[in-house]
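S.K.: Generate a structure from the sequence data that follows.
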Amino acid sequence: MKNAIWLLPDMDSTGNWYKPGQVSLEKDLILPYVPNVDLCDAKCSLESELKRKTLLFFRGRLKRNAGGKIRAKLMAELSGADGVVIEEGTAGEGGKEAAQRGMRKSIFCLSPAGDTPSSARLFDAIVSGCIPVIVSDELELPFEGILDYRKIALFVSSSDATQPGWLLTFLKSISPAQTKEMRRNLAKYSRHFVYSSPAQLLGPEDLVWRMMAGKLMNIKLHTRRLQRVVRESRRLCTCDCKRANFTGP
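M.R.: Coordinates of the predicted model:
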């Protein structure tokens, strides 16, 4: 199955979830999580503009497995800080309402790695009009060949984010004009992450097929190159010619 095009919620390159060579950006597609909160449309975005008094918001599981160690460090660093709201997440309708309310009252929403590099919080923040602050060094994003995430999110390295006081100082340095522009872009980008039936133009279903077309062209390129190369010609290594997986002492 490793030669199939996989549709993935995550591409964990650490080896915790997939075997080496099993998945790759060259052939596979990353899909966004289904948002767990309601879309904050243009009317909601306008109404929430003056209500966004919280600097940084996070609601979710505070303790994760090995892949989420950075989350515990961030919580320890940020808990109790002025302008920061950190809450333990809960399941069910009450948890959804609390997360939605908190995101719509905040300027920035923290999106740290979970058990894997990605987190559903990222997509909740996007559709809530809350600027994601992504702290996940190995993260791969859906539709990145089409979308420029720098217009809607801030990317921070784990080493910077866990330095005492660094993250809040950085966020406070972002100008109101920049945050306003990013929120305006969030309103435009949100439709790319809201699944619907029937599928909408430039919705996630549409973008999957657009990305798929690009993947198929890339696969055909490599297939045809391999079919016509002659002996002693220089070749680029693909996942098929890498060292096979094995189990040993």
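S.K.: can you give me the strands for the protein?
M.R.: Along the chain, counting by DSSP state E, strands occupy 7-8, 29-30, 54-60, 84-88, 106-112, 131-135, 154-155.
S.K.: now the last one: how far from the chain's centre is it?
M.R.: On the basis of Cα atoms, centre = their mean, to the nearest Å, the separation between the geometric centre of strand 154-155 and that of its chain is 11 Å.
S.K.: One more: the fifth one?
M.R.: The offset between the C-alpha centroid of strand 106-112 and the centroid of the whole chain comes to 12 Å, using Cα atoms, centre = their mean.
S.K.: try the first one
M.R.: Remark: strand 7-8 is offset 14 Å from the chain centroid, using Cα atoms, centre = their mean.
S.K.: next one: the fourth one
M.R.: The gap between where strand 84-88 is centred and where its chain is centred comes out at 20 Å by Cα atoms, centre = their mean.
S.K.: oh, and call the first residue 137 from now on, that's how I've got it
M.R.: Right, with 137 as the first residue, what we last looked at is strand 220-224.
S.K.: Mind giving me the packing neighbours of it?
M.R.: Where contact means 3 or more Cβ pairs under 8 Å, 6 or more residues apart in numbering; DSSP states H and E, strand 220-224 is packed against strand 190-196, helix 205-214, helix 228-240. From N, CA and C alone the C-beta is placed, and that goes for glycine too.
S.K.: Highest mean neighbour count across the strands of the chain, which stretch is it?
M.R.: strand 242-248 (a mean of 27; mean count of other Cβ atoms under 10 Å).
S.K.: Indicate each strand paired with that one and its parallel or antiparallel sense.
M.R.: According to DSSP bridges, strand 242-248 forms sheet pairs with strand 190-196 (parallel), strand 267-271 (parallel).
S.K.: List of residues touching the last one?
M.R.: It stands for strand 267-271. With Cβ atoms under 8 Å, 6 or more residues apart in numbering as the test, strand 267-271 has contacts from 192, 206, 210, 243-249, 257-258, 261-262, 288-294, 297, 303, 307, 315, 318-319, 322.
S.K.: One more: the longest one?
M.R.: Applying Cβ under 8 Å, 6+ apart, the set of residues contacting strand 190-196 from outside is 211, 214, 219-225, 231, 234-235, 238-239, 241-246, 248, 250, 255, 257, 266, 269, 303-304, 307-308.
S.K.: Could you rerun that using 7 Å?
M.R.: 219-223, 225, 234-235, 238-239, 241-246, 257, 266, 269, 307 (Cβ atoms under 7 Å, 6 or more residues apart in numbering).
S.K.: For it, C-alpha coordinates in CSV please.
M.R.: The C-alpha trace of strand 190-196 is given here as CSV (Å, rounded to 0.1, in the frame of the first residue of the first chain):
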residue,chain,number,x,y,z
THR,A,190,-7.8,38.1,25.5
LEU,A,191,-4.3,38.1,24.0
LEU,A,192,-3.8,34.3,23.8
PHE,A,193,-6.3,31.5,24.3
PHE,A,194,-5.9,27.7,24.5
ARG,A,195,-8.5,25.1,25.4
GLY,A,196,-7.6,21.4,25.0
